[in-house]
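S.K.: here is the input, now give the coordinates:
(chains A and B)
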Amino acid sequence: MEFAELIKTPRVDGVVLHRPFMPTVEGTLCLTGHHLILSSRQDSIEELWLLHSNIDSIEKRFVGSLGTIVVKCKDLRVIQLDIPGMEECLNIASSIEALSTLDSITLMYPFFYRPMFEVIEDGWNLFLPEEFFKDIESSTDEWRLSNVNKDFSVCPTYPALVIVPKAVDDDTLCKVATFRQGGRFPVLSYYHKKNGMVMMRAGQPLTGTNGRRCKEDEKLINATLRVGKRGYIIDTRTISVAQQAKARGGGFEQEANYPQWRRIHKAIERSNILQESLIKLVEACNDQSQNMDRWLSKLEASNWQTHVKEILTTACLAAQCIDREGASVLVHGTEGSDSTLQVTSLAQIILDPGCRTMRGFQALVEREWLQAGHPFQQRCIQSAFSNSKPRWEAPVFLLFLDCVWQILHQFPCSFQFNEHFLVLLFEHAYASQFGTFLGNSAAERVKLKLPQKTVSLWSWVNRPQEMEHFLNPLYETNSLVIWPSVAPQSLLLWEGVFLRWKRSSKCLDEAYEEMVHIIECNKELQSKVNALRRQLAQLETGDGLLGEP
Amino acid sequence: MEHIRTPKVEQVKLQDRFSNKVTAGTLYLTATHLIFVESGSGSSSAQEIWILHHHVASVEKLALTAGGCPLLIQCRNFRVVHFLIPRERDCHDVYSSLLRLLRPAYYEELYAFSYNPKQNDQQREEGWQLIDLNAEFERMGVPCDQWQLTDVNREYKVCETYPRDLYVPVTASKPIIVGSSKFRSKGRFPVLTYFYQEKKAAVCRCSQPLSGFSARCLEDEHLLQAISKSNHNCRYVYVMDTRPKLNALANRAAGKGYENEDNYSNIRFQFVGIENIHVMRASLQKLLEVVGARFLSMTDYFQGLESSGWLRHIKAVVDAAMFLTKAVTVEGASVLVHCSDGWDRTAQVCSLGALLMDPYYRTIKGFMVLIEKDWISFGHKFADRCDQLDGDPKEVSPVFTQFLDCVWQVTEQFPQAFQFSEWFLIQIHEHVHSCQFGNFLGNNQREREELLLKEKTYSLWSYLLAEQQNYENPLYSPALAETQPILEPSTLPCHFKFWRNMYHQFDRTMHPRQSILKHILGLRESNRELERAANQMEAKLQKFSVGGAPLHTGAPHRPRPKSLILTAPHGRKEAEEETGDAEDEVPARSGAERTVEGSSANENGYIELHGPFSTKPEPQMVSLELGVARMTC
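M.R.: Numbering: from 1, shown residues only, chains lettered A, B, ... in the order given. Model (predicted):
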């Protein structure tokens, strides 16, 4: 297919662009295969380059022959284009609609994007399961790297390499896979070096209504427990949802069959409810009403903050079981690729200082989201402005980022990266020139040959000149476990995402610059004083005087 | 003290409001404070709570439990403590002593009259001279050709609740003033409170007119005319009635009301709808009830926030101040602001408006001046509103707290526009209720003079200025005052937030465990020290090269006053704890280990891990509470 077929009018002059808190720009609108571009052809004025894939929905209006297209983006920005001429406007609108809803992944921009920078470190090879396992191997010999899934046949959504108990062989794994939703047999997610406890994740057990059991599953799970130790199974669903799942062949671990485990049910909502929540929240944030009660009641009704609280609480619970109870944990929901990953990844941020570094966090996203088979393609195909009937889309990853932001907000000196980095990940998960978030699983990525055909987001982010924007100037190594508060008063609306386009960021940006300035000033002064001190000491010893301490 | 029946009770348990944490200790009752000292640990990290009697808003004895007799104390600085006292008799003694002590009958019994910060008389006098309101009017450019100082109220004869020195239009003669004052509730006739020099526009304040359904007063009309005429930039003057229209209408039946536009030439009349003191009192009470609940759900939190109406009221005040600011700075119009008596809502709107218009009021000193002018001198009834003496509970209202909240909302939107941080606001709030300093005692200037406060008590302002560095906003940019003198905060509802650091200032578990503000303040202080050290060493180096005497640059560094760290609301108080964080990875010791800055898993109450395993009982949850820094009042 040629993009040209979809572009009915490639170019319109005299288009006026309105953006929140920016001056209006008049210029020429161009449509290319992947971008909507507005250029004023004046050097001083910034142009607009908008990826079609970032467009969530459009609305068109006419006043006489002047058409207006309101473009609502997946990053929650809303812009308006005033286009002279009804026909041009209709053509532009239908072209945008077609180009922003391409069916085939291989037509997406990452397959066409050629980096303007030299790739020094290829992000596609940065975070390999082998590397992660090496680190675990250095502390324990109870686990092994299995390639039972090397052709993705045992579990289509798992990566080729997974970490499993050493005592369990590949045949057993294959049997367990038949007992778990989507073949997602329990695998290692995190090893807590401090006390040797582990966190595993899986799909739900397929017990069904007649209480099917699987000896191999029980064996695998128990193999993760040390002698005399017990564990917790955290089911992210409520007990009633888990009960209902039995009717569809799913279910949960019966106490009788897993006597060494205690099951705890939490209430993280399913994806369609989360999507509805996002739509309501964004609608509330875009409400121009001056009515305070209306805002608060809409914010409440969106339930977004409730989801944040529930997810964070569950993650804290998992971390608490591991660090405080000295118990191992198995986390699952239904598929084990949404709420399960929210919990396992957040728990690691709480427990493991390594995950709070720039590299460590990238590795976490790679390992617990991309490799673990979170279906990014399905979940992020539409965002809050979607008009179509929701199918697979859900802000599961955005909620995770929101929770990370909450912890970052409570421990502003304990993270090596800053809020901008989280916002960046949100943007790129929904629309990107990079291939990182394309596809739904490792298998799909291999099939699409993403590492060969596209550039990794990490290749770009880790260049020093980009990285500096995302580093937290307040960061100080903190090797402790960080326990966030989950009280409603402590959890805030993530303004950096949801109110980002509702106010000018000028004042906040300048304040941030000033903060960076003070910190840099401190570093410079430190080194100046140290240099002076050395100089003085040399002089003093040279003169036979006592050196400065 | 004859009121103290039991000065000391041992084996008292302090229950944390939001978690299951219990601390055992000893309770002491002194003439001024209720003190709880954690027992056992004996180390310097033992928790100490000092509660000033004046801070106590209510004491409640709850139903007897197995663990003892519970005593619930709620304070005006939003501290809530829950004691369990083993013996009921002791509990009752403490309870009745506190009831007797918490609100004295006479001003002279307030703490300010016994508080002695070890200053000599001269220092005390200097403290009181720090703020000079006549100098402040001069700064605004008053007196000038249109505005003059009048001595009509020199003896408090025209208006008891106004200050002696008042500024009025030069064309307003004494008979006009006196005539107008008779037509205004409590004699509070229109006077100048802020002068916007750039456009010669005036912000004036007064109380409601005694217009009833038809009464009019030529002198009052004259005075408004004079205000209007003194501004050549604009043909009209705005009259802002800060009340909801319904309230103003109802007042007409009582012979009061609002200005009839037909009788006054060139006025533009506007209601702005801020609710009265009773609504505000109920609102804050509701808010505190909601956020005081244990295991609060998000839904209950938002619904409670909404039904309390608190943020709605905050927004109403900011909206009104924005209206005032735009009228003055954009239209160049003069504005007359009033409510009923002109000492609550009027004070809020005039002072917040001035803060938005004039960068001076966003400095530490300027903010003191603003409070001194619009609140203290113009007779905001601090004694009644803050319940200083045993008075009418219906007069109590968080009007000033609301003003501070509004200021905080603006600081959140303009992080570089203010010289002070929220700690300054919280500290002022603390002392408005502490009755430790003379500034806020009494209801008006006349009362304060009668109490001889300047001779008998100390001024809060000098105390705060001495610790100025702790209240500074490290990100403050004075240059911004030049480029953006007028602040226009967004008043969209989503930009108003619950001020957790105020209303939960003593609830440690709710706060970020690392404070950016504290961190940056520390860095800035470190920068100063490093600069000094560098200067000294450079001078020394010079000495080596020239062989001269070493130069002394700068005074030795003054350490941060201890008292502030102790009195500090959240954040500052962990100053000492934090030093311990340098130690990396603390190995697990006997099942208990350190976490970051007092953060612990069970304190946050993620879940109650109850219910035993099939064979073995539930392992005990362990967590080592960090040394909670001492708090004194």
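S.K.: could you give the number of residues near the closest residue to chain A within the stretch 101-250 of chain B?
M.R.: Per C-beta to the nearest C-beta, B:Pro244 is where the stretch 101-250 of chain B lies closest to chain A, at 15.0 Å. The way it works is simple: take the backbone N, C-alpha and C, and place the C-beta from them, glycine included. Applying other C-beta atoms under 10 Å in any protein chain shown, we find 17 residues neighbouring B:Pro244.
S.K.: tell me where the stretch 401-550 of chain B has helices.
M.R.: With helices called from DSSP state H, counting those that start in this stretch, the stretch 401-550 of chain B shows them at B:422-434, B:445-450, B:453-456, B:460-466, B:468-471, B:478-483, B:500-503, B:516-546.
S.K.: and the ones you listed, which is most packed in?
M.R.: The highest mean neighbour count among these, using mean count of other C-beta atoms under 10 Å in any protein chain shown, belongs to helix B:422-434: a mean of 23.
S.K.: that helix near chain A at all?
M.R.: No - Helix B:422-434 lies out of reach of chain A by C-beta under 8 Å from any C-beta of the partner chain, never closer than 14.1 Å.
S.K.: what does that helix rub up against?
M.R.: Helix B:422-434 is contacted from outside by B:52, B:54-55, B:76-77, B:111, B:364, B:367, B:371, B:382, B:386, B:400-401, B:404, B:407-408, B:411, B:437, B:439-440, B:460, B:464, B:470-471, B:499, B:501-502, B:505, B:517, B:567-569, B:571-572, B:633, using C-beta atoms under 8 Å, 6 or more residues apart in numbering or on different chains.
S.K.: got the helices of the stretch 401-550 of chain B as JSON lines, with mean pLDDT columns?
M.R.: Listed next are the helices of the stretch 401-550 of chain B as JSON lines, based on pLDDT from 0 to 100:
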{"stretch": "helix B:422-434", "mean pLDDT": "97"}
{"stretch": "helix B:445-450", "mean pLDDT": "96"}
{"stretch": "helix B:453-456", "mean pLDDT": "94"}
{"stretch": "helix B:460-466", "mean pLDDT": "95"}
{"stretch": "helix B:468-471", "mean pLDDT": "94"}
{"stretch": "helix B:478-483", "mean pLDDT": "93"}
{"stretch": "helix B:500-503", "mean pLDDT": "96"}
{"stretch": "helix B:516-546", "mean pLDDT": "89"}
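S.K.: distance of A:Glu466 from A:Thr454?
M.R.: A:Glu466 is 17 Å from A:Thr454, where distance means C-beta to C-beta, to the nearest Å.
S.K.: who has more neighbours, the two?
M.R.: Shown here are A:Glu466 and A:Thr454; by other C-beta under 10 Å, A:Thr454 has more neighbours (25 against 13).
S.K.: ok, that one touching A:Pro110?
M.R.: Yes - judged on C-beta atoms under 8 Å, A:Thr454 makes contact with A:Pro110 at a distance of 4.0 Å.
S.K.: what sits in contact with each of those two?
M.R.: The contact lists of A:Thr454 and A:Pro110 share A:434-435, A:438, where a contact means C-beta under 8 Å, 6+ apart.
S.K.: which of those residues sits closest to B:Cys144?
M.R.: A:Phe434 (64.3 Å; C-beta to C-beta).
S.K.: what is the three-state secondary structure of that closest one?
M.R.: Classification of A:Phe434 by DSSP: H, G, I helix; E, B strand; the rest coil places it in coil.
S.K.: nearest spatial neighbour of it, skipping sequence neighbours?
M.R.: A:Leu457 (4.0 Å; C-beta to C-beta, 6 or more residues apart in numbering or on different chains).
S.K.: now do that neighbour against chain B, distance only.
M.R.: 28 Å (C-beta to the nearest C-beta, to the nearest Å).
S.K.: quick one, helices of the stretch 251-400 of chain B?
M.R.: Ranges of helices within the stretch 251-400 of chain B are B:277-291, B:298-308, B:310-329, B:345-357, B:364-370, B:382-385, B:399-413, based on DSSP H, counting those that start in this stretch.
S.K.: which positions in the stretch 151-300 of chain A make contact with chain B?
M.R.: Proximity of the stretch 151-300 of chain A to chain B (C-beta under 8 Å from any C-beta) is limited to residues A:194-195, A:230, A:255, A:259-260, A:262, A:264, A:284-285, A:288-297, A:299-300.
S.K.: which among those count as buried?
M.R.: Buried by 16 or more other C-beta atoms under 10 Å in any protein chain shown: A:194, A:230, A:260, A:262, A:264, A:284-285, A:292, A:295-297, A:299-300, out of those.
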